[in-house]
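In: Next input, structure requested:
(4 chains)
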There are 4 protein chains.
Amino acid sequence: MHYDHQVQVRYGETDQMGVVHHANYLLYFEEARTAFLAHHGQPYGQLEKDGLALPVRKLDLRFRAPAHYEDKLCVRVSVERITAASVRFVYEIKRPINDVLIATGCTELACIDLTSTPRRPHVLPEAMRELFG
Amino acid sequence: MHYDHQVQVRYGETDQMGVVHHANYLLYFEEARTAFLAHHGQPYGQLEKDGLALPVRKLDLRFRAPAHYEDKLCVRVSVERITAASVRFVYEIKRPINDVLIATGCTELACIDLTSTPRRPHVLPEAMRELFG
Amino acid sequence: MHYDHQVQVRYGETDQMGVVHHANYLLYFEEARTAFLAHHGQPYGQLEKDGLALPVRKLDLRFRAPAHYEDKLCVRVSVERITAASVRFVYEIKRPINDVLIATGCTELACIDLTSTPRRPHVLPEAMRELFG
Amino acid sequence: MHYDHQVQVRYGETDQMGVVHHANYLLYFEEARTAFLAHHGQPYGQLEKDGLALPVRKLDLRFRAPAHYEDKLCVRVSVERITAASVRFVYEIKRPINDVLIATGCTELACIDLTSTPRRPHVLPEAMRELFG
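Out: Residues are numbered from 1 along each chain as shown, chains lettered A, B, ... in the order given. Here you go, the predicted model:
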């Protein structure tokens, strides 16, 4: 099960090398991941209203080809692995117009209880575990 | 009373025009403003711990000359006007090495009570009003 | 003549106040402005390929109500004034779901010649002047 | 050989979880890496003026503890490996005041020739290979 999300490169996301600055790919990943969750009836905002959060605890990224201003990119996201209290998403970004692979990567998120101090791990919501399990 | 704060342009703050992207000047203003407050014994973080916040409600910016990657810039900040529940900071950004004026601007901040829903205006802390009044 | 552009608030665009950080509105303005230009057959990327650019030389912003993570916002953009070598866009951001006005503002852009050193003012492309004149 | 670079967390770098948004660590890495290069007489800006660039082609990041607004962080950077046309930096971010490890990571940069189209790999400058070799 994967989800395809489209983003278009903003001018402010480029840097003086004339390409998308590498940190911004994490914003594309994030947007795709939350669109994926919302698409399956699990909007991330609701999770935080319920007192949980999913901070990123690990990530990697590999850049294959540069992306440019105004490029329409497709971010394909899927869940690679889910445990009781963490979930690992993998991503592939392509420029569909010429089918070029731009970047690949993954982010591993831990579920935490926002109401505890310090914030403690917490099991993922049942619905999320069923969805991706 | 003014305060001079130095920032150095990060690579990720440039855009493909080869200059600092205009939105980033607001981050320089913010960093200078909070360094100014901290310098006078009013760290902004403490204010939020005390249940208050100072969101920006109005701002303007004028760009005089472009700034570039690695530029060391001086942000001069001062308080132009303070009322019971708002404070207006003005800024001037220069590149000291050649004394070029880069940008000028202002931000007006309202004091709000973070514990109210919706967040209501709140008088500024006494110490801040005395400092800038 | 105006153009309505939709953006959805990204998680990374919020700050610890729990609302959209004020600098990010300039990214929404920019995205709306360039979508507006592209919609009228004037993609901004092409302008730079032709050796011209439109840096922002002046802007103001007024925040009316906070925007939150996942909010779908409508950015209405129009041209307020165009001269031989500059153009002034005005913006109004609303949250359509409850018709709340979030922010208003303007950006004034100067047309420059990217191939000159230092970069000199240049007349706006004919097509743009006809479109907005 | 390592280099310690201090950064202080900006307000705009936090998100609504009340901590530094994960993408911003890449900006801290970048600032530390270029300060490291400049410290050794290899300012990155000069490299680009000489027609070369060092885009990030691979990175990973692991978050150990959250960082907060106003935190003063120490980014320790060193070169792990250098080849003819690439260099791999590793990073460790700590909060010195309580000696907490915040994040670790690495970025691998490829040297490219900015004047070629498409941009081709290029050997790293001699001085950089000597410095880190």
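In: quick one: the residue located most distally from the centre of chain A from chain C, how far?
Out: Relative to the C-alpha centroid of chain A, counting by C-alpha atoms, centre = their mean, residue A:117 is the outermost residue, at 26.2 Å. Distance from residue A:117 to chain C, counting by C-beta to the nearest C-beta, to the nearest Å: 15 Å. Any C-beta I mention is one placed from the backbone N, CA and C, and that applies to glycine too.
In: Residue A:4 now?
Out: For residue A:4, the distance to chain C - C-beta to the nearest C-beta - is 16 Å.
In: Surely that residue and residue A:78 touch.
Out: No. Using C-beta atoms under 8 Å, residue A:4 is not in contact with residue A:78, being 10.1 Å away.
In: what about the residue farthest from the centre of chain A, is that helix, strand or coil?
Out: coil (DSSP: H, G, I helix; E, B strand; the rest coil).
In: Give me the common contacts of residue A:4 and residue A:78.
Out: Residues touching both residue A:4 and residue A:78 (C-beta atoms under 8 Å, 6 or more residues apart in numbering or on different chains): none.
In: Now do the contacts for residue A:103.
Out: Residue A:103 sits next to A:25, A:61-64, A:67, A:91-93 when contact means C-beta under 8 Å, 6+ apart.
In: what's the closest of these to residue A:46?
Out: Closest to residue A:46 out of these is residue A:91 (22.6 Å), distances taken as C-beta to C-beta.
In: All the strands of chain A, residue numbers only.
Out: Shown for chain A, the strands assigned by DSSP state E span residues A:2-8, A:52-53, A:56-63, A:72-82, A:86-95, A:100-110, A:112-113, A:120-121.
In: Now mean pLDDT and distance to residue B:86 too, for those, in CSV please.
Out: As requested, the strands of chain A are exported to CSV (pLDDT from 0 to 100; distance: least, C-beta to C-beta, whole Å):
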stretch, mean pLDDT, distance to residue B:86
strand A:2-8, 98, 37
strand A:52-53, 98, 32
strand A:56-63, 98, 36
strand A:72-82, 98, 41
strand A:86-95, 98, 43
strand A:100-110, 98, 39
strand A:112-113, 97, 36
strand A:120-121, 96, 39
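In: any chance of those strands in a markdown table, with distance to residue C:34 too?
Out: Formatted as a markdown table, those follow (distance: least, C-beta to C-beta, whole Å):
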| stretch | distance to residue C:34 |
| --- | --- |
| strand A:2-8 | 9 |
| strand A:52-53 | 33 |
| strand A:56-63 | 24 |
| strand A:72-82 | 13 |
| strand A:86-95 | 18 |
| strand A:100-110 | 20 |
| strand A:112-113 | 38 |
| strand A:120-121 | 43 |
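In: still on that earlier bit, please list only the buried members of the contacts of residue A:103.
Out: Using 16 or more other C-beta atoms under 10 Å in any protein chain shown as the burial test, those include A:25, A:61-63, A:67, A:91-93 as buried.
In: Please list the residues of chain A that sit near chain B.
Out: A:11-12, A:14-19, A:21, A:23, A:69 (C-beta under 8 Å from any C-beta of the partner chain).
In: again, only this time at 6 Å
Out: Residues of chain A lying near chain B by C-beta under 6 Å from any C-beta of the partner chain: A:12, A:14-16, A:18, A:21, A:23.
In: can you point me to the longest helix in chain A?
Out: Counting by DSSP state H, the longest helix found in chain A is helix A:24-39.
In: what helices or strands is that helix leaning on?
Out: Secondary-structure packing of helix A:24-39 (3 or more C-beta pairs under 6 Å, 6 or more residues apart in numbering or on different chains; DSSP states H and E): strand A:2-8, strand A:72-82.
In: Is it correct that residue A:10 is in contact with residue C:29?
Out: No. In this structure, residue A:10 is not within contact of residue C:29 by C-beta atoms under 6 Å, at 10.8 Å.
In: between these two, which one's more packed in?
Out: A direct count of neighbours by other C-beta atoms under 10 Å in any protein chain shown for residue A:10 and residue C:29 places residue C:29 higher, at 27 against 20.
In: what sits against that one?
Out: C:91, C:107 (C-beta atoms under 6 Å, 6 or more residues apart in numbering or on different chains).
In: Distance-wise, check the closest residue in space to residue A:66 that isn't next to it in sequence relative to residue A:72.
Out: Counting by C-beta to C-beta, 6 or more residues apart in numbering or on different chains, residue A:19 is the residue found nearest to residue A:66 once chain neighbours are left out, at 3.8 Å. Noted for residue A:19: a distance of 15 Å to residue A:72, by C-beta to C-beta, to the nearest Å.
In: More neighbours: these two, which one.
Out: residue A:19 (21 against 12).
In: Got the confidence number for that one?
Out: With respect to pLDDT, residue A:19 has a value of 98.
In: quick one on the thing from earlier: so the residue nearest to residue A:66 makes contact with residue A:63?
Out: No. In this structure, residue A:19 is not within contact of residue A:63 by C-beta under 6 Å, at 9.3 Å.
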